[in-house]
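Undergrad: Sharing a sequence plus its predicted fold:
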Amino acid sequence: MFKRASYLFIVFSLLFSGLFPKVTWAAPGVTAEAAVLMDMESGQILYQKNMDKRMYPASTTKIMTGLLAIRKGDFKDRVKVSREAVMAGGSSVGLQEDEVLTQEDLLYALLLPSSNDAAVALAEHISGSLDEFVRTMNAEAQAIGALDTHFANPHGLHDPNHYTTARDMALIAREAMKNSTFRKIVGTYNYKTERFLPKPVNGIPQVDFVNLNKLMWPGFSYEYPGITGVKTGYTDEARRCLVSSSKRNGRELLSVVLKTENLGIYQDSVALLNYGFNEFKQINVVDQGSEVTRAPVTRGESEEIGVVASETFRFNVLVKENQVIDKKINIDGSITAPVSKGQKVGAMYFTMAGKTVGSIDLLSDRDVDKKPFFQWWHGLIVLGLIYFTLILKARARRRRYLLRKRRWG
């Protein structure tokens, strides 16, 4: 009887384990040639595949183009389209020479339907020429830290000297998503405008700009919850590319997939985002402004200061592993007054398994004035010394007087 019950238990266990498999999220099998998954807040990389390999970015280039146009232009600017913009080639919204649109319209055309003609029109409007705008793009890439990136144009059409890496594209997109205007545009599904064309066309000109990022398409098989952006790309040489971001429970993740095929950009992006949200949890290691230690002050009116964190430090750790973040405080030598509130006095380093994973500055929580050379009790000492000096002098004079008196009778 016992053997029969054991047998039935095993059969039912196998049956139900097949019907209701345990869901696990392993490191994703990404088909793209290069990929990165990054925490948007901290820049922490949670997954990478060939992230420093030189790749062609295609229209993900327009992330940089859009960011610069927003920073250096004005939404209300009216932009006259040049012949060079009309002749850009590739994806287009059919701009006409001498057509006038607002910069706002062109930005939506740039970042939703990926208009190459809008990219050229914006670049010329912002910098006066394509060459000057491209110089600005490359300077900004260097400033962001995208050191393995070089742009040759504002739209991403193929040029052997136009390249990036998955890591660099994540850095550029992260910087762009800090801009609220950029974030609003790339998080928009569709945008309608009005156009007044210099020349009549057959049918209705394109006035409804739809975002090519299908992760935000309602009802699409890969529609992703919490999607916030950012940009698709395609050329024959770059193949399919997608930079995407999603926010869930206060965490925002950014994925980059470069050089894959067809729906692979969505399959890879969903796999990466699922991996980040399900396999990692974010821990709050230290809060901005929290006191982490106290430190002595030399020659100050106060003998010590509170040492506080300059910023909040959060870190993503694997859910299934007991990963511990160790903290090490390093004070910058002896602290000597005067000290200003907010003055850097040290640093805190964070390590996991012996490897440094981040650091923040440590600041003084108060002003400390230098101790004056003379204080009230110094005055008492001086008065005391003067008093005793006078006493001693008076006694010395009396002794001399008495001595003379005895000597002369």
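TA: Here it is on my side, so go on. Numbering: from 1, shown residues only.
Undergrad: what ranges do the helices span in the protein?
TA: Counting by DSSP state H, the chain has helices at residues 2-19, 62-72, 83-86, 103-111, 116-127, 130-144, 166-176, 180-186, 264-279, 376-407.
Undergrad: and the fourth one, how far out from the chain's middle?
TA: Using C-alpha atoms, centre = their mean, to the nearest Å, the mean C-alpha position of helix 103-111 is found 24 Å from that of the whole chain.
Undergrad: Residues in contact with that helix: which ones?
TA: Contact with helix 103-111 is made by 62, 65-66, 69-70, 73-79, 93, 95, 101, 115, 117-119, 121-122, 125, 182, 185-186, 188, 191, 193, 195, 209, 211, 231, as judged by C-beta atoms under 8 Å, 6 or more residues apart in numbering. Glycine gets a C-beta too; all of them are placed from N, C-alpha and C.
Undergrad: Among the helices of the chain, which comes closest to residue 246?
TA: helix 264-279 (5.2 Å; C-beta to C-beta).
Undergrad: Report the beta-bridge partners for residue 257.
TA: residue 35, residue 242 (DSSP bridges).
Undergrad: on that earlier part again, out of the helices of the chain, flag the one nearest residue 304.
TA: Judged by C-beta to C-beta, the one of the helices of the chain that comes nearest to residue 304 is helix 376-407, at 20.8 Å.
Undergrad: before we move on, back to that, which one of the helices of the chain lies closest to residue 29?
TA: Across the helices of the chain, closest to residue 29 is helix 264-279 (C-beta to C-beta), at 7.3 Å.
Undergrad: In PDB, list the C-alpha atoms belonging to that closest one.
TA: What follows is helix 264-279 as a C-alpha-only set of coordinates in PDB (Å, rounded to 0.1, in the frame of the first residue of the first chain):
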ATOM      1  CA  GLY A 264      14.700  39.800 -32.800                       C
ATOM      2  CA  ILE A 265      15.000  43.400 -31.700                       C
ATOM      3  CA  TYR A 266      11.800  43.000 -29.700                       C
ATOM      4  CA  GLN A 267      12.500  39.400 -28.500                       C
ATOM      5  CA  ASP A 268      15.900  40.400 -27.300                       C
ATOM      6  CA  SER A 269      14.700  43.600 -25.700                       C
ATOM      7  CA  VAL A 270      11.900  41.900 -23.800                       C
ATOM      8  CA  ALA A 271      14.200  39.200 -22.700                       C
ATOM      9  CA  LEU A 272      16.700  41.700 -21.400                       C
ATOM     10  CA  LEU A 273      14.100  43.800 -19.600                       C
ATOM     11  CA  ASN A 274      12.500  40.800 -18.000                       C
ATOM     12  CA  TYR A 275      15.900  39.600 -16.900                       C
ATOM     13  CA  GLY A 276      16.600  42.900 -15.200                       C
ATOM     14  CA  PHE A 277      13.200  43.300 -13.500                       C
ATOM     15  CA  ASN A 278      12.900  39.700 -12.400                       C
ATOM     16  CA  GLU A 279      16.400  38.500 -11.600                       C
END
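Undergrad: how many neighbours does the closest residue to residue 156 other than its chain neighbours have?
TA: In space, and not counting its chain neighbours, residue 156 is closest to residue 61: 3.4 Å by C-beta to C-beta, 6 or more residues apart in numbering. Per other C-beta atoms under 10 Å, the neighbour tally for residue 61 reads 30.
Undergrad: Going forward, the N-terminal residue is numbered 6.
TA: I'll keep to 6 as the first residue from here, and by that count the last item is residue 66.
Undergrad: mind listing what residue 66 touches?
TA: The neighbourhood of residue 66, defined by C-beta under 8 Å, 6+ apart, consists of 156, 158-161, 167, 238.
Undergrad: So residue 153 is in contact with residue 174, correct?
TA: No. Contact between residue 153 and residue 174 fails when scored by C-beta atoms under 8 Å: they sit 10.1 Å apart.
Undergrad: residues in contact with residue 158?
TA: 66, 124, 135, 139, 164, 167.
Undergrad: got the phi/psi numbers for the closest residue to the fifth one other than its chain neighbours?
TA: Setting aside the residues directly before and after it, residue 164 is nearest to residue 157 in space (C-beta to C-beta, 6+ apart), at 4.1 Å. Reported as degrees, to the nearest 10, the phi and psi values for residue 157 are phi -120, psi -10.
Undergrad: What is the neighbour count of residue 157?
TA: Neighbourhood size, residue 157 [other C-beta under 10 Å]: 17.
Undergrad: Run a quick check on it versus residue 139, I expect a contact.
TA: Yes. Contact criterion C-beta under 8 Å: residue 157 and residue 139 qualify, at 6.5 Å.
Undergrad: Low-confidence stretches in this structure?
TA: Counting by pLDDT under 70, the chain has low-confidence residues at 6-32, 378-385, 414.
Undergrad: can you list the domain ranges for it.
TA: Domain segmentation of the chain under automatic domain parsing yields 39-286, 292-369.
Undergrad: what's the span of the last one from first residue to last?
TA: This points to domain 292-369. End-to-end distance for domain 292-369: 15 Å, by C-alpha to C-alpha, to the nearest Å.
Undergrad: got it, and the first one?
TA: This stretch, domain 39-286, spans 24 Å end to end (C-alpha to C-alpha).
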